[in-house]
Each structure stands twice: as C-alpha cells, then as structure tokens.
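Asker: quick one: sequence and predicted model below, then my questions.
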Amino acid sequence: MLCPRSGGQGDGTTGPQANAIREVRKMHDDGFFDDEVAATYDDADGISALEVVDPAVDLLAEYAGGGRVLEFAIGTGRLALPLARKGIEVEGIELSRAMVSRLRAKEGGTDIPVVIGDMATTRVDRRFSLVYLAFNTINNLTSQEAQVACFLNAAAHLETGGHFLIEVGVPPLQRLPLGETILAFDRTETHWGVDEYDVVSQNFTSHHIRIRDGNYRRFSVPFRYAWPAEFDLMARLAGLKLKDRWGGWKKEPFTKVSDQHVSVWQKIAG
C-alpha cells in the first residue's frame with residue numbers, strides 16, 4: 001500500500017525514489033484503502049485466521065532476533081500487534097489514515113508508532129533488525145522504479161546484518177491461455193474477484209465486487225507483478241543479498257509449483 005507525501009520535486013531527490021514520489025502523488029490521501037475498505041479488510045481472504053497469522057508472526061520474530069522491527073504498510077496491525085505482544089518493538093509506515101484508525105482502535109494499537117507515508121520514500125529516523133512487507137503489498141507499487149525504491153528504502157532502515165522480508169504471490173501466468181488476459185481468483189457469496197493482466201508491462205488490475213447487506217460495491221486496484229529473480233536483482237541494487245526463500249510462512253520449500261514466496265534478503269554492508 002502506498003500514499004502521497006511531500007518531497008521529491010525540488011528537494012534534490014533523483015532516480016528511482018524521485019519517480020516513486022511522482023507515482024504516489026497521483027493517488028489521493030488514503031489511496032485505495034479508504035474507510036469502507038478498512039472496515040472489512042481484516043475479514044477478507046481469511047488473512048486474520050490464527051492458522052495464517054501465527055506462522056507469519058513466528059517467522060518474523062525469528063528474523064527479528066530480538067531487535068526492532070519496521071513494517072511497511074502496517075495497515076490494521078494484523079501482524080504488528082501479535083509481534084508486539086511477543087515483546088518485540090514494532091513501528092510502522094502506512095499510507096492510509098483509515099487503516100491506521102482501525103489499528104488504533106485495537107488493544108495495544110495506540111502503543112505502536114506509525115508514520116503516515118509511502119513505503120518507497122518515507123523514512124523513520126531509526127535502524128531496524130527487520131523490515132517486512134506482507135500480503136502482496138510490494139505489488140501496490142505499479143512501476144519497477146517504485147519497487148526498486150522500496151528496496152532501497154528498506155535497506156536504508158536496516159542495521160548491517162538486518163533482514164528485509166516480503167510475502168508475495170508468484171505470477172500465475174501459466175494459467176493464462178495463449179492470448180488471454182483475464183483470470184478469476186475468487187468467487188464466493190460475498191466477493192467476486194478477477195485479475196486482468198498486461199504481460200508486456202507486468203501490470204495487472206484486480207477487479208472486485210464486494211457484496212454486503214444486500215448491497216454491492218465494485219472497485220479496481222492496479223498492481224505490478226515481478227518474478228523472484230527480478231526481486232533478487234532489486235535487492236542487489238539496494239545492497240542486499242538473498243538469504244532464504246520459502247514457499248510460505250511455515251518454511252515450506254519453494255518449488256516450481258509454489259504459488260507464493262516468502263523471501264528474505266540480508267544487508268551485507270553499512
């Protein structure tokens with residue numbers, strides 16, 4: 001998730017970070033994550049189930065190693081709050097004030113420092129042992145330059161030897177019939193979802209219909225997908241080296257049939 005912030009033009013910022021700033025300025029304050037989306041975010045896709053959250057929190061705590069943790073796109077605190085309950089010092093960056101309001105309303109939510117800003121350019125004046133980005137959120141940055149800027153930003157926040165972790169899906173292009181661009185990814189009584197792919201630009205749009213209390217809401221969100229090897233190159237540009245790649249939070253092997261990966265890169269120099 002990302003949002004606009006000041007800076008970039010006229011402040012000497014150049015390269016991927018300047019372009020990332022221009023990209024996020026195109027969006028309004030809460031991006032695509034307004035009050036209505038925030039109200040049901042924790043209920044979507046089973047992401048708040050204990051069998052989903054607990055393995056993620058355990059793995060994040062392992063890579064944190066007792067040090068401070070920064071979550072890019074902290075959202076409603078789905079992962080940050082259980083981490084904090086383990087005694088880990090957690091901070092966050094988040095685009096959406098609506099999402100942060102949901103975090104603040106939860107037990108312990110007012111104790112977690114959150115900076116309103118985008119994950120590609122916003123800085124926190126501290127170093128961390130772990131920076132992480134979960135649930136496909138790297139794809140919310142819709143250009144390669146913005147994604148590179150996110151890796152650079154993560155590296156800037158890390159102590160030497162610290163880790164940057166992302167959870168993201170593997171592009172399911174093998175399911176696309178030749179010449180087709182549309183893939184359905186969800187159809188339930190409360191949600192229909194279809195992804196529309198541009199395999200040249202690596203951009204795609206998720207089209208949603210949410211059905212609630214007899215009413216429905218239709219909205220679309222743009223994304224950019226990247227392959228694991230491309231993320232590895234982004235990491236290398238940021239001074240990070242691949243340490244581990246798993247097929248999920250439980251350290252499942254990453255194989256040719258994996259539909260997601262949890263990848264961890266380590267900062268190799270100050």
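Answerer: Looks like it arrived, so ask away. The model shown is predicted, which means the values in this text are computed figures rather than measured ones.
Asker: wait, His261 touches Gly247, no?
Answerer: Yes - taking contacts as C-beta atoms under 8 Å, His261 lies within contact range of Gly247: 6.4 Å. Placement of C-beta: from N, CA and C, glycine included.
Asker: neighbour count: these two, which is higher?
Answerer: Taking neighbours as other C-beta atoms under 10 Å, His261 and Gly247 compare with His261 leading, 21 against 17.
Asker: so the more buried one, which of the three states?
Answerer: Here His261 is recorded as strand under DSSP: H, G, I helix; E, B strand; the rest coil.
Asker: please apply the same query to the one 3 residues further on.
Answerer: Classification of Val264 by three-state DSSP places it in strand.
Asker: repeat for Thr122
Answerer: Per three-state DSSP, the local secondary structure of Thr122 is coil.
Asker: show me which residues of the strand or helix carrying Glu51 are buried.
Answerer: Using DSSP states H and E, Glu51 maps to helix 50-64. Neighbour counts using 16 or more other C-beta atoms under 10 Å place 52-53, 55-57, 59-61, 63-64 of helix 50-64 among the buried residues.
Asker: now swap in stretch 93-112 and tell me
Answerer: Using 16+ other C-beta under 10 Å as the test for burial, stretch 93-112 gives 93-100, 102-104, 109, 112.
Asker: rebuild those as a markdown table, extending it with pLDDT.
Answerer: Below are the buried residues of stretch 93-112 laid out as a markdown table (pLDDT from 0 to 100):
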| residue | pLDDT |
| --- | --- |
| Ile93 | 99 |
| Glu94 | 97 |
| Leu95 | 94 |
| Ser96 | 95 |
| Arg97 | 95 |
| Ala98 | 95 |
| Met99 | 95 |
| Val100 | 97 |
| Arg102 | 93 |
| Leu103 | 96 |
| Arg104 | 97 |
| Gly109 | 98 |
| Ile112 | 99 |
